[in-house]
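S.K.: Pasting the sequence and the predicted model now:
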Amino acid sequence: MWKKLLACGVLVLVLVLGGGFAYLYFRNPATASPSSVRIEPTEARLARGKYLYHYIGACGDCHSERDFTRFGGPVVEGREGVGFVFPPEMEFPGTVVAPNITPDKDTGIGSWSDGEIIRAVREGIGRDGKALFPLMPYADFRKMSDDDVYALVAYLRTLPPVKNPLPRSRINFPVSMFIKSAPQPAGHVLPVDRSNTLKYGEYLVTLGGCGGCHTPTQKGEPLPGKRLAGGEVFRTSMGTVLSANITPDKDTGIGKWSERDFLNKFYQYRRYVEQGSPKVGPEGFTLMPWLPFCQLPKEDLKAIFAFLKTQAPAYNAVETHPAELQPVVPSS
Ligand code: HEC
Ligand code: HEC
């Protein structure tokens, strides 16, 4: 009798565990059907969309081919939005590809509906209904207002279409299973009140993905108490860089910076945008989107600075370009 019971118990256990696993494995991400909106490309929208794409959203930083032999990795002429295969040194769990988001019909997003693009950007759902790998910052873009995401989509449609077939991302198991919990429907998002400097600053810090790069992680999880404290390591074949501490800690962060210091730090790179970025070696390699962000208006940088100043200071001394982590380049 007890043997039968035991067998039953084991069977139940197997079913429960197996069922739990099957649920995780086969479940679909949280998703809503794409909206049927048709976005009118007004002049105001195109201007706003350009700002969102090129400056605060820095979409081209991931979705374009870039020249990392130059400071800040400017986008290669004619390769805006054509997509990018992330190199293996970055140690992602599988092959991660930022797809072609030009309006090319076959290899880009030219045949997607406006609603499908909005859903991918804000909710992390691909055209096929599957979860996108969350390197695409949709958890941040979820907060993008309806007005802004409409402007962004209108602008995306004006990028020169470029035929550039790329493989799709291939995410290893079990990460492929866990990322299904990342997408969330965004619903309707109201515009942020720009006269509220802190709220506006928070909005820009969210869209700019500052937290994603500046918060150190362990096994993909943000370290508690270290939000914006820097030290996250980015390894590439061009060089290795660590993000800086941008909390208001006086000794190791930006606590002693004035608003003017902050603005100058960004605006020193404007001449690189205007005249072309200089050549750099690994010692000057960076992934900080200086070229996009140095084009932000003063009002925006001031709001970002004001918001950062209200964040919890965290002591964390970071060397952003430690010599021992740089690849050895033959001197020529
Ligand atoms: C940090 C890098 C990064 C940034 C910044 C980024 N993306 Fe992405 N994006 C990705 C990656 C990687 C994927 C693909 C994920 C996958 O394959 O699962 C993606 C997917 C997409 C897709 C879905 C395309 C498809 O074929 O499935 C769209 C649309 C998109 N991004 C638009 C944007 C826009 C617009 C912006 C700026 C507002 C942006 N992305 C910023 C990395 C990024
Ligand atoms: C793609 C990753 C990435 C994103 C996104 C990013 N940063 Fe950075 N940031 C870095 C790295 C790496 C460094 C260190 C190397 C350097 O200074 O170029 C850095 C440096 C900085 C510095 C210089 C600090 C110092 O002590 O010199 C400031 C200020 C800064 N970031 C602010 C921001 C703000 C504000 C945002 C969001 C609007 C942001 N960053 C978004 C990667 C990023």
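M.R.: Nice, thanks for sending it over. Residues are numbered from 1 along each chain as shown. Ligands and ions are numbered 1, 2, ... in the order given.
S.K.: so who does the residue most central in space within the chain touch?
M.R.: Nearest to the geometric centre of the chain sits P137, at 3.7 Å (C-alpha atoms, centre = their mean). By C-beta atoms under 8 Å, 6 or more residues apart in numbering, the residues touching P137 are G209, G212. No exception for glycine: its C-beta is placed from N, CA and C like everyone else's.
S.K.: So what does it have for phi and psi?
M.R.: Dihedral pair for P137: phi -80, psi 50, per degrees, to the nearest 10.
S.K.: Equivalent analysis for Y51, please.
M.R.: phi -60, psi -40.
S.K.: picking up where we left off before, so the residue nearest to the centre of the chain versus G211, what's the distance?
M.R.: Distance, P137 to G211, using C-beta to C-beta, to the nearest Å: 10 Å.
S.K.: so how far is the helix or strand that contains V121 from its chain's centroid?
M.R.: Per DSSP states H and E: V121 is located in helix 114-123. Distance, stretch centre to chain centre, for helix 114-123: 15 Å (C-alpha atoms, centre = their mean, to the nearest Å).
S.K.: so does it get close to ligand 1?
M.R.: Yes: using C-beta under 6 Å from any ligand atom, helix 114-123 reaches ligand 1 at I117, A120, V121.
S.K.: Let me know the closest of the residues you listed to ligand 2.
M.R.: V121 (16.1 Å; C-beta to the nearest ligand atom).
S.K.: Leaving out the residues flanking it, which one is nearest to the closest one?
M.R.: Leaving aside its sequence neighbours, V121 sits nearest to F141 (C-beta to C-beta, 6 or more residues apart in numbering; 5.3 Å).
S.K.: Give the full set of residues in contact with that neighbour.
M.R.: Neighbouring residues of F141 by C-beta under 8 Å, 6+ apart: G57, V121, R122, V149, L207.
S.K.: For whichever residue of the stretch 151-300 of the chain sits closest to ligand 1, give me the pLDDT.
M.R.: Proximity of the stretch 151-300 of the chain to ligand 1 (C-beta to the nearest ligand atom) peaks at S169, 3.2 Å away. S169 is assigned 98 on the pLDDT scale.
S.K.: Show the contacting residues for it.
M.R.: Applying C-beta under 8 Å, 6+ apart, we find S169 in contact with G94, T95, V96, V97, L132, F133.
S.K.: residues from the stretch 151-300 of the chain in reach of ligand 2?
M.R.: Counting by C-beta under 6 Å from any ligand atom, the stretch 151-300 of the chain sits next to ligand 2 at 205, 208-210, 212-214, 234, 241, 243-244, 246, 265, 286-289, 293.
S.K.: again, only using 8 Å
M.R.: With C-beta under 8 Å from any ligand atom as the criterion, the stretch 151-300 of the chain meets ligand 2 at residues 204-205, 207-210, 212-214, 230, 232, 234, 241-246, 253-254, 257, 262, 265-266, 286-290, 293.
S.K.: From those, which land in helices?
M.R.: The helices, defined by DSSP state H, take in L204, V205, L207, C210, G212, C213, H214, F262, K265, F266, W290, F293 from these.
S.K.: Including distance to D61 and neighbour count, could those go into a markdown table?
M.R.: Below are those laid out as a markdown table (distance: C-beta to C-beta, whole Å; neighbours: other C-beta atoms under 10 Å):
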| residue | distance to D61 | neighbour count |
| --- | --- | --- |
| L204 | 16 | 21 |
| V205 | 16 | 21 |
| L207 | 13 | 21 |
| C210 | 13 | 21 |
| G212 | 12 | 17 |
| C213 | 11 | 20 |
| H214 | 15 | 23 |
| F262 | 21 | 19 |
| K265 | 18 | 16 |
| F266 | 15 | 19 |
| W290 | 10 | 20 |
| F293 | 10 | 22 |
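S.K.: Using CSV, lay out those together with pLDDT and distance to ligand 1.
M.R.: Shown next, in CSV, are these (pLDDT from 0 to 100; distance: C-beta to the nearest ligand atom, whole Å):
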residue, pLDDT, distance to ligand 1
L204, 98, 13
V205, 98, 14
L207, 98, 8
C210, 98, 12
G212, 96, 7
C213, 97, 8
H214, 98, 13
F262, 98, 22
K265, 98, 21
F266, 98, 18
W290, 98, 14
F293, 98, 12
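S.K.: show me where this protein has helices.
M.R.: With DSSP H as the criterion, the chain has helices at 2-26, 43-50, 59-63, 114-123, 138-141, 146-156, 175-178, 197-207, 210-214, 259-267, 270-275, 290-293, 298-309.
S.K.: Compare those and say which comes out lowest on pLDDT.
M.R.: Lowest mean pLDDT within the helices of the chain: helix 2-26, at a mean of 63.
S.K.: separation between C59 and V273?
M.R.: C59 sits 16 Å away from V273, going by C-beta to C-beta.
S.K.: In terms of neighbours, single out the busier of those two.
M.R.: C59 (25 against 15; other C-beta atoms under 10 Å).
S.K.: what residues are up against the nearest residue to that one once chain neighbours are set aside?
M.R.: With C-beta to C-beta, 6+ apart as the criterion, C59 has its nearest non-adjacent residue at 5.0 Å, and that residue is Y53. Taking C-beta under 8 Å, 6+ apart, we find Y53 in contact with C59, G60, L152, Y155, L156.
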